[in-house]
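**Student:** Return atomic coordinates for the entry below.
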Amino acid sequence: MQEAIPAFPREEMREVFAAGFAAILDRHMERALPSDLITWGLAGFTAHDPSLRVERQGRELRLMRARRVLISRALPSDSTRGRPEAIGLAAAEALLPFQEAAWAASPPIRDFGRDRLLRASFNAIFGHLDPFSRYVTPEEAQLARERRLGQGSVGLRLAAQRGQVVVAAVTPNSPAASGGIRVGDRLVTVDDEMVLANDLAGAELLLEGAAETEVTLVTQRAGRRRSVTLRRVAQRVETVTSAMRDGVLHLRLSGFTALTSAQVAGFVEAAFAGANPPRGLVLDLRGNRGGILTQAVAVADIFLDAGEIVGTAGRHPEANRRYSASDTDLAQGRPIVVMVDGRTASAAEILAAALAERGRAAVLGTGTQGKGLVQILLPLPNGGELQLSWSRIVMPSGWPLQGAGLLPALCTAGGDEAAATGLAALRAGQQPMGAVLARLLALRPPVSALEANVLRESCPSLDAVEREVDFAQSLVTDATAYRAALMR
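**Tutor:** Predicted coordinates:
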């Protein structure tokens, strides 16, 4: 007896794609046609079964298996006049018959599951539009909401070591410390899920969750395994740390949360309230992947006099904004050096670029990631979300961050010896990166990948070198070198 084919989740697919298509048509920074969304979405839906292929000839779309046509239909009109919701619904309804035909014909597609089919479809669409938009499953969206409302932690930091996931650090007085977990323990499973050394991000995601929820870990020490259940506790996320070094205030920013600008302002105000205010500041943004855009703007405002900080540009009217500074430089004009590397991205790049373009800070390190797109989260009917790129970052003079990123005036990508040579040139009043920075400032969107890569090769995006903090200290305290390192 032939096994019955599970019912196709028609209504969920219709609702999710209708809402997703409407959002893309209305808000994505790149213009897309309804017929393209249908074609790209179907290609993603069928990608898990290599025996199926999608063909498009003019206005006709076909789903094929070998030479057999499973279904053929004319694509709907590409007119974008009218409400995005109505156009998105029409496109979703045109896609449904193709999805149903693929579902009926392909066991691998049915086995793939609804959420993964949705992810594959939207990610195929975004593959044609931009590198940062994505579909977020209902489970991922719920976890992200819990993080925003109150992140829970067990107090562990992980690392990969000889092909295993091991405990790299245990926070004192944390649930992990109370549970007897030690640095060096191997982490085997989290809630019965195996953890892999080549997927540390996935292992850390398993550890996360809402405060006051439980998570069970299996660890191994000296060949013996043990299971321990820990209760996650609410944690205040501190993204800023401060240290004074030979009269220079060093601030390290690991990310941008709702509290970051207040933390930075607090450290700066406290330092300048003392009897011996700092003679300069170092802002360490290495490894900072970004976060809340408005917080990066607020941190820039702490150090800038009145004037534009940054702008955003997109198709949707609300995506076009300009952010300006008040006339309150809490650092009282003291020199600032910003440290960046290949992992400095998004909001962190915005902060560094805003200070550099205004001539308020010198930049040291390597090329940054080049993520100059702004995303918004749009809810979907199934509880998932679209993380949608809807605008580009544009600096006041017009150059974009997307692609080329920010390049430093003192490049450390060649190692300590090359950095020392660059610092010596700056001390002589020369600008070893001057011509490259001039080309960077002359860029206008859209920037070709070739053009961006040529610029990035002048100071490749690498991780930190050993003596970068020493070079930053030297640069911020040498008036001649500092002036030569400023963009203007």
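**Student:** Pull the contacting residues for residue 138.
**Tutor:** Contact analysis of residue 138 by CB atoms under 8 Å, 6 or more residues apart in numbering lists 115, 382, 383, 384. Placement of C-beta: from N, CA and C, glycine included.
**Student:** switch the cut-off to 7 Å
**Tutor:** The neighbours of residue 138, taking CB atoms under 7 Å, 6 or more residues apart in numbering as the test, are 382, 383, 384.
**Student:** swap in residue 214?
**Tutor:** Residue 214 makes contacts with 229, 230, 231, as judged by CB under 7 Å, 6+ apart.
**Student:** If we use 8 Å, what do you get?
**Tutor:** So residue 214 contacts 229, 230, 231, 232 (CB under 8 Å, 6+ apart).
**Student:** sorry, back to before: can you select the buried ones among the contacts of residue 138 for me in PyMOL?
**Tutor:** In PyMOL, selecting the buried portion of these, with burial taken from 16 or more other CB atoms under 10 Å, looks like this:
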select buried, resi 382+384
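**Student:** From the contacts of residue 138, pick the one nearest residue 74.
**Tutor:** Nearest to residue 74 among the contacts of residue 138, counting by CB to CB, is residue 382 at 28.7 Å.
**Student:** What is the burial count for the residue nearest to that closest one when sequence neighbours are not counted?
**Tutor:** Among residues not flanking residue 382 along the chain, residue 16 sits closest, at 5.3 Å (CB to CB, 6 or more residues apart in numbering). When neighbours are defined as other CB atoms under 10 Å, residue 16 has 23 of them.
**Student:** and if you look at residue 106?
**Tutor:** Neighbourhood size, residue 106 [other CB under 10 Å]: 19.
**Student:** Over to the one 4 residues further on?
**Tutor:** Here the number of neighbours of residue 110 (other CB under 10 Å) works out to 17.
**Student:** Likewise for the one 3 residues further on?
**Tutor:** The criterion is other CB under 10 Å. On that basis, residue 113 has 12 neighbouring residues.
**Student:** Would you list the strands that the host helix or strand of residue 375 pairs with, along with their directions?
**Tutor:** According to DSSP states H and E, residue 375 maps onto strand 373-379. Its sheet considered, strand 373-379 pairs with strand 385-394 (antiparallel) by DSSP bridges.
**Student:** what comes into contact with the very next helix or strand once past the partner strand?
**Tutor:** Moving toward the C-terminus from strand 385-394, the next helix or strand (DSSP H and E) is strand 410-411. Residues from elsewhere that reach strand 410-411, judged by CB under 8 Å, 6+ apart: 362-366, 418-419, 422-423, 426, 432-433, 458-459, 471, 475, 485.
**Student:** ok, now how distant is residue 131 from residue 451?
**Tutor:** 17 Å (CB to CB, to the nearest Å).
**Student:** The two: who's more crowded?
**Tutor:** residue 451 (14 against 11).
**Student:** average pLDDT across the host helix or strand of that one?
**Tutor:** Assigned by DSSP H and E, residue 451 falls within helix 449-456. Mean pLDDT, computed over helix 449-456, is 92.
**Student:** Strands along the stretch 251-400 of the chain, start to end?
**Tutor:** All strands of the stretch 251-400 of the chain, identified by DSSP state E, counting those that start in this stretch, fall at 280-284, 307-313, 321-325, 336-340, 362-365, 373-379, 385-394.
**Student:** how much does the last one deviate in direction from strand 307-313?
**Tutor:** Our comparison of strand 385-394 with strand 307-313, counting by axes from the mean of the first three to the mean of the last three CA atoms, to 10 degrees, yields an angle of 130 degrees.
**Student:** in the stretch 101-250 of the chain, which spans are helices?
**Tutor:** In the stretch 101-250 of the chain, the helices defined using DSSP state H, counting those that start in this stretch lie at 107-112, 114-127, 138-150, 175-178, 200-207.
**Student:** from the middle of its chain, how far away would the shortest one be?
**Tutor:** Going by CA atoms, centre = their mean, to the nearest Å, the spacing between the C-alpha centre of helix 175-178 and its chain's C-alpha centre is 30 Å.
**Student:** ok, residues contacting that helix?
**Tutor:** Around helix 175-178, the neighbours that count as contacts under CB under 8 Å, 6+ apart are 153, 154, 155, 156, 167, 170, 171, 230, 231, 232, 233.
**Student:** hang on, the earlier thing: what sits up against the helix holding residue 451?
**Tutor:** Residues from elsewhere that reach helix 449-456, judged by CB under 8 Å, 6+ apart: 367, 370, 403, 404, 405, 407, 436, 439, 440, 443.
**Student:** Buried residues of that helix, list them for me.
**Tutor:** In terms of neighbour count (16+ other CB under 10 Å), helix 449-456 has its buried residues at 452, 455, 456.
**Student:** quick one: contacts for the closest residue to residue 75 other than its chain neighbours?
**Tutor:** Nearest residue to residue 75 in three dimensions, chain neighbours excluded: residue 35, at 4.3 Å (CB to CB, 6+ apart). Contact analysis of residue 35 by CB under 8 Å, 6+ apart lists 59, 61, 75, 76, 78, 91.
**Student:** Closest to residue 267 out of those residues?
**Tutor:** Among the contacts of residue 35, residue 91 lies closest to residue 267 (CB to CB), at 50.9 Å.
**Student:** since we're on that closest one, how many residues are nearby?
**Tutor:** Look at residue 91: counted by other CB under 10 Å, it has 27 neighbours.
**Student:** try residue 166
**Tutor:** By the criterion of other CB under 10 Å, residue 166 has 17 neighbours.
**Student:** Residues in a beta bridge with it, which ones?
**Tutor:** Beta bridges link residue 166 to residue 159, residue 186, judged by DSSP bridges.
**Student:** Do I have it right that it meets residue 157?
**Tutor:** No - using CB atoms under 8 Å, residue 166 is not in contact with residue 157, being 10.2 Å away.
**Student:** Pull the residues that contact the strand holding residue 375.
**Tutor:** So strand 373-379 is in contact with 19, 23, 27, 29, 130, 132-133, 136, 141, 293, 312, 314, 319, 385-393, 402, going by CB under 8 Å, 6+ apart.
**Student:** buried stuff in that strand?
**Tutor:** Neighbour-count burial for strand 373-379 [16+ other CB under 10 Å]: 373, 374, 375, 376, 378.
**Student:** Show me how far it is from its chain's centre.
**Tutor:** How far strand 373-379 lies from its chain's middle: 11 Å, per CA atoms, centre = their mean.
**Student:** Quick one: work out the angle between that strand and strand 321-325.
**Tutor:** 120 degrees.
**Student:** Take the contacts of residue 214 and keep only those in strands.
**Tutor:** Using DSSP state E, the subset of the contacts of residue 214 located in strands is 229, 230, 231.
**Student:** neighbour-wise, which of the residues you listed leads?
**Tutor:** residue 230 (23 neighbours).
**Student:** okay, the closest residue in space to that residue that isn't next to it in sequence: pLDDT?
**Tutor:** Spatial nearest neighbour of residue 230, chain neighbours left out: residue 175 (4.2 Å); criterion: CB to CB, 6+ apart. On the pLDDT scale, residue 175 is placed at 92.
**Student:** how about low-confidence regions in the stretch 201-350 of the chain?
**Tutor:** Residue ranges of the stretch 201-350 of the chain with pLDDT under 70: 201, 235-237.
**Student:** At which residues are the strands of the stretch 1-150 of the chain located?
**Tutor:** For the stretch 1-150 of the chain, the strands defined by DSSP E, counting those that start in this stretch cover 52-57, 60-65, 68-74, 134-136.
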